[in-house]
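Visitor: fold the following, please.
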Amino acid sequence: MGKFIRLFSSLCLLVILSTCKKNSESNPVIEDALSSDQLKILDNAPLDKTSIFSDMLFPNGNNISDWGKVNDIGYVNDFSKSISSSSISDKKLLFIKRMTEAGIRLADDALCSCYPTQPNGLAYVFGSKNITFTTINEASICKEPLWGLDCSGLIYQMALGSSINLPEGGTINYVLTSLWNKAFNNSPDYQNLEMKDLSYQDPSQFEAGDLIVEPGKHIGMVYNTGTTLGIINSQGSPDLSCTENSKIGRGPVLRSDITTTQWIKFLFPNNDYHVLRVVLNGVPGLATDIVTSISPTSAISGGNITNEGGSSVISRGVCWGTLENPTILNNKTIDGSGIGSFNSNLTGLLANTLYYVRAYATNSLGTAYGNQVSFTTQGNPSPNINNTTWDVTIFFNLTTSWHADITFYVDGTMKYDEPANPGLYLTYGVWSLNEDKIHWTVPYVFDGTISGVTMSGTFVYGTQIKNWSAVKR
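Guide: This next block holds a predicted model:
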């Protein structure tokens, strides 16, 4: 694989210090071993030596590394202790991100800089769950002290490097959802997560972050680069020599092309593996899109459902109102169901009005809301009345009214004339228009509203307010 930019100095120092204290240590035997035929199948599966962490994707297709740079900033992946306390609400994405990052690091040949006697990085060591000292397992043919892990040891180290308080164990332990759920409850970063046993699933249904377990045999975690679906695992055998268990393709590795080559079906011909998938209990996690395409009466927003919260999202959309924190009891759209991104059309809006918007998602446990965004609708466009003439009726009182012709010129000037007395009361003035509001002076001050080919309003005569209306000629 490509070398990581990240330096593993703290890990190397930990290894050196531990090695000074102890050259070898025997662990209790935990019987996790593939048969020779299964190992051959796994050895023939495509070995992924090119994918790196920045290639990895979440089940929703988003890039894990890019998400981590924003949402898991400052976290240091350390295999010696739990060192993080995260406030991220989407614990499932956090679990997938950290477990994937830890697995990629452990499978990277760059770790050979920490193990100068092992140029291919960590080896396969039967029964080993630790990388802080070399190990000899009495049940293995290999009797040389090696730094390495078996398959369940890899998962244990991935969990340790992800700040998950998982106890050491084997596949017969790690297939138990109760063990994972207890670890989640005891790990501050992962509370509200739940591991579920989906039993057998066709490889086409696998998604990033799934654990594939055959108790007593093997365990690995699914990764996805968008072009390939693979498994991070540690492979080897207690029946092989130290040299065989230390070569390229043994120990922590990435095996790709699950769905295209179907090698996992040959590895487990009886379909007796379990698919463990983590879910986030509670209401869904989501975000609100910014508002675009704003007009006087409409706009476009939407959202992204990042997780379903342990129960299927049955309704989603956006809600809006003129007060903060709108809910589905206000105006809302209904834009399908499930996770992922969606667009929403907001209609029936008032011109020149401030609105607040939130995405929402509803599952069986309730309704969750995304972050609030706001926008102001555009004002109504001003009608074009340049060089037009209008028949104005001026209501002086209940019994007295008269007509006038008003012409509005493009330069903002206007002419007032009474057709009953042409030229007698001819007056010139000025006018202005703001959206549909008109203002003119000749010399009395007239204000009104235009609606299509009519307008109406009031004017000031001395201390009195009089009415007027007009029809376009």
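
Visitor: residues contacting residue 154?
Guide: With contact set as CB atoms under 8 Å, 6 or more residues apart in numbering, residue 154 has these partners: 103, 106, 220, 232-234, 252. For the C-beta atoms, the positions are set from N, CA and C on the backbone; glycine is no exception.

Visitor: which element follows the helix or strand encompassing it toward the C-terminus?
Guide: Secondary structure assignment for residue 154, by DSSP states H and E: helix 151-161. As assigned by DSSP H and E, the chain's next helix or strand after helix 151-161 is helix 171-174.

Visitor: related to what we said a few turns ago, residue 259: which of the contacts of residue 154 is nearest?
Guide: residue 220 (15.0 Å; CB to CB).

Visitor: what stretches of this structure score poorly on pLDDT?
Guide: Low-confidence segments of the chain, defined by pLDDT under 70, span residues 1-31, 74, 76-89, 110-113, 310.

Visitor: tell me which stretches of the stretch 201-350 of the chain form strands.
Guide: Taking DSSP state E, counting those that start in this stretch, the strands of the stretch 201-350 of the chain run over residues 211-214, 218-224, 229-235, 251-255, 274-280, 285-288, 299-307, 315-321, 331-332, 340-346.

Visitor: columns distance to residue 382 and mean neighbour count on top of those, output as JSON lines?
Guide: Shown next, in JSON lines, are the strands of the stretch 201-350 of the chain (distance: least, CB to CB, whole Å; neighbours: other CB atoms under 10 Å):
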{"stretch": "strand 211-214", "distance to residue 382": "63", "mean neighbour count": "23"}
{"stretch": "strand 218-224", "distance to residue 382": "54", "mean neighbour count": "26"}
{"stretch": "strand 229-235", "distance to residue 382": "57", "mean neighbour count": "25"}
{"stretch": "strand 251-255", "distance to residue 382": "63", "mean neighbour count": "27"}
{"stretch": "strand 274-280", "distance to residue 382": "51", "mean neighbour count": "21"}
{"stretch": "strand 285-288", "distance to residue 382": "32", "mean neighbour count": "21"}
{"stretch": "strand 299-307", "distance to residue 382": "20", "mean neighbour count": "23"}
{"stretch": "strand 315-321", "distance to residue 382": "26", "mean neighbour count": "22"}
{"stretch": "strand 331-332", "distance to residue 382": "27", "mean neighbour count": "18"}
{"stretch": "strand 340-346", "distance to residue 382": "23", "mean neighbour count": "18"}
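
Visitor: okay if I get those strands as TSV plus distance to residue 183?
Guide: What follows is the strands of the stretch 201-350 of the chain, written out as TSV (distance: least, CB to CB, whole Å):
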stretch	distance to residue 183
strand 211-214	13
strand 218-224	15
strand 229-235	19
strand 251-255	21
strand 274-280	11
strand 285-288	21
strand 299-307	19
strand 315-321	31
strand 331-332	39
strand 340-346	29
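
Visitor: quick one: which of these is nearest residue 429?
Guide: Nearest to residue 429, of the strands of the stretch 201-350 of the chain and by CB to CB, is strand 299-307 at 38.5 Å.

Visitor: what's the following helix or strand after the helix or strand containing residue 447?
Guide: Using DSSP H and E, the element containing residue 447 is strand 445-451. Following strand 445-451 in sequence order, the next helix or strand is strand 454-461 (DSSP H and E).

Visitor: list the strands paired with that next one, with their directions.
Guide: strand 445-451 (antiparallel), strand 464-472 (antiparallel) (DSSP bridges).

Visitor: next, the buried residues of the first one.
Guide: Spelled out, it's strand 445-451. 446, 448, 450 (16 or more other CB atoms under 10 Å).

Visitor: bridging residues for the first one?
Guide: This points to residue 446. residue 440, residue 459.

Visitor: test my guess that it contacts residue 432.
Guide: No: the pair formed by residue 446 and residue 432 falls short of the contact definition of CB atoms under 8 Å, at 11.2 Å.

Visitor: overlap of the contact sets of the two?
Guide: 438-440.

Visitor: what about the helices in this protein?
Guide: 9-21, 36-44, 64-71, 91-107, 151-161, 171-174, 177-185, 242-246, 258-261, 263-267 (DSSP state H).

Visitor: thanks again, I'm all set now.
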